[in-house]
Structure formats: structure tokens, C-alpha cells
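>>> Next comes the sequence, and after it the predicted model I'd like to discuss.
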Amino acid sequence: MMSKQRAFRFGVIDESSLSREQWVQQAQKVEQLGYATFLIRDHFIQGDFNHQLAPTPAIMAAADATKELHIGSLVFSNDYRHPAMLAKEAATLDLLSGGRFELGIGAGWLKDEYEQTGIPFDPPAQRVARLQETLYILKGLFAEKPFTFSGSYYHISNLDSFPKPVQKPYPPLLIGAGAKRMLSLAAQEADIIGILPKALTNGTISDEPTERFATTIAQKVEWIRQAAGERFANLELSMVVSVHITHDRNQKAAEIIRQRDWGGITMREVLDMPSLLIGSVEQIIEKIQLLRERYALSYFVISDASLQAFAPVVSQLAGR
């Protein structure tokens, strides 16, 4: 248990907006209901999700439509932008939003997307190494003086990037990670770590239930703790969670087992999964408090499909 617990934050990832009207109204509703962040993924193809808008202009439109809501990427795929371009776009978003941008980034994982766009899908070790260079470059370009870097993948020569971000030294940096190597990198470089309760293997996303087990998440948090050292106390741990409001937790757990074909998994194992919030509002509030105590998780992101149903939880826990 942490000596000092972080206050709760709650975010919404948009999975349904396909028009300007839908996007703007969604952002405004998220703010009105008291959520802290409004987020968007970074994909070219539909894949396992709905079609999505391009993140950079969409984030700016959401910022223009709101007053205090933070907006961000969950997450930019590193291989889709040169780090110099990403640094300029991120700083511009932070400037024009009045310091409300949160920069989420990951190594990239969706093989079909790489193949359809003609982007080389390198082995995981190369993608992670490339992300590591990007993180160094981003921080260098956000600084107040010209920056030079020569690595295995990127080269920057005396570039004084403009504009500089409003938030200092740079916007909150979230890294999405699930495997030990990525979690360790995030522990050393990020401000926020988005812990994946799924496995990203062979360019696909797996719904293997053991990845969601409480013991698995506990191990991931321990990897973060070991790699972070003294930084751990300042890290914000986050997770995208599924919300199931019900007065019969066991029935809902059994239904999830059937729907996902999780043979051999017990209802108790499902109910204990940190990424599944199942029960009444009161029971979910109790579980979220337990997740902070046990795993230091304090920042929970939900799908916009649960935006309204989850609002009573947000009203009781946000900022506490």
C-alpha cells in the first residue's frame, strides 16, 4: 500500500463519435458529468474498435468545445509519426488548449494496420527501442534550447522546436504498457502508466482471461515498482475498465464467462478482475477504493458506452 494515495481521476475514451456534432456533444457531456479526461485512440482501421477520427484535430476540436476538461491520446502509435512532428503537434495542442493536453503514447501493436498502410511491422524489441528514442527526443524538443540527438532510428540536429508546451516541463506523459519490458520503460519515463489487462501478441489483441487476473495485475504493478524505484510514489497508475451496473453480480459474471468463452474460469475470478467493474454503484465504488489500496490504481478510463451509467461513481469519488 502506498504511503500517500493519489486522488481518483476518471476518463472517457470515445468509441462512437463519427461526426462533428457527435464528437463535440460527447466532449461537452463528459465535462458536464465531472470526468477529468476525454480520450481518443490512434488507428487507421476499424480492427477491434469502431472507426475513429484522426486524433490531433479531434483533440483540438474537443478542447475548443470545453472549458476545463483535459483531452488526450490513448495512445498515439509511435510508428505513425516522426517524433519531431509529434513534439510540435503535442506542444501546439497544449498551447491552444490552454494547458489541458495529456500525451499518451505506445509502441504500436496492430499488425493488420501496419500491413494495410505499408508501415513496416518490426519485432517488438525494435518497436520498443524506437519508442525509447522517441521519448528522449520528445523531452529534448519540449525543453527551452536547441536539441541534438543521434540514435539507431532517429536523428535530430540542433532543432529548437516551436511552440513549447504550456505545461512544464511538458504535458503529462502516459505510456500504455502490458509486458514487463514496456512497463519497465514506462516506470522510468512516464508520468502516467496505462496498465494493459490484455496481451498484445503477434500483432493482435488477446482476451486471454489470465491477463486480467488479480494476481497478473499485481505482478505488473510490482514490475513497475521495481523499475521505478523512488519515482513510484509520483506515478499515476491507470487502467481502461469495463463497467457492468447490476444488482446480481454472480449472474453478470456468469454471463461474461459465457459471452467470452472463458472456459474453466470461475465467477469469483471474474469478479476479482481489476479491469471489470461489476455490481451496483455502491459495490463498484467499494471495489475502486480497494483497487487503489491494493494496486495503487487511481485513474480509471471507461468507454463512452458507460458514460451515463458510471456518472454516479464519478460524482462520489472524483478528486478524493
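Sure thing, it's come through. Numbering: from 1, shown residues only.

>>> helices and strands of this structure: which one bottoms out on pLDDT?
Least confident helix or strand of the chain, by mean pLDDT, DSSP states H and E, is strand 199-201 with a mean of 85.

>>> For the helix or strand following it, name the packing helices and strands.
Tracing the chain C-terminally past strand 199-201 and defining elements by DSSP states H and E, one meets strand 204-206 next. Packing partners of strand 204-206 (3 or more Cβ pairs under 8 Å, 6 or more residues apart in numbering; DSSP states H and E): strand 199-201. C-beta: built from backbone N, CA, C; applies to glycine.

>>> Give me the contact list for the least confident helix or strand of the chain.
Residues outside strand 199-201 that contact it (Cβ atoms under 8 Å, 6 or more residues apart in numbering): W109, G178, A179, I205, S206, E208, E211.

>>> Now do the strands in the stretch 1-150 of the chain.
9-13, 37-40, 70-73, 76-77, 101-106, 147-150 (DSSP state E, counting those that start in this stretch).

>>> from the chain's centre, how far out does the fourth one sit?
Relative to the centre of its chain, strand 76-77 is centred 11 Å away, using Cα atoms, centre = their mean, to the nearest Å.

>>> same question, the first one
Shown here is strand 9-13, whose average C-alpha point lies 9 Å from the average C-alpha point of the whole chain (Cα atoms, centre = their mean).

>>> ok, that strand: who's next to it in the sheet?
In its sheet, strand 9-13 lies beside strand 37-40 (parallel), strand 297-303 (parallel), with partners assigned from DSSP bridges.

>>> average pLDDT for the shortest one?
When pLDDT is averaged over strand 37-40, the result is 99.

>>> about what we covered before: to V314, which of the strands paired with strand 9-13 lies closest?
Closest approach to V314 among the strands paired with strand 9-13 is made by strand 297-303 (9.1 Å; Cβ to Cβ).

>>> How about residues contacting that closest one?
So strand 297-303 is contacted by 5-13, 15, 36-37, 39, 74, 192, 194-195, 236-243, 274, 288, 291-292, 310 (Cβ under 8 Å, 6+ apart).

>>> Please pick the buried ones from the contacts of strand 199-201.
W109, G178, A179, I205, E211 (16 or more other Cβ atoms under 10 Å).

>>> Let's verify F232: helix, strand, or coil?
Using DSSP: H, G, I helix; E, B strand; the rest coil, the secondary structure recorded for F232 is helix.

>>> Run through the residues that contact N78.
I105, G106, A107, G108, R127, R130, L131, T134.

>>> Report the spatially nearest residue to it, omitting neighbours in sequence.
L131 (4.6 Å; Cβ to Cβ, 6 or more residues apart in numbering).

>>> All set now, cheers.
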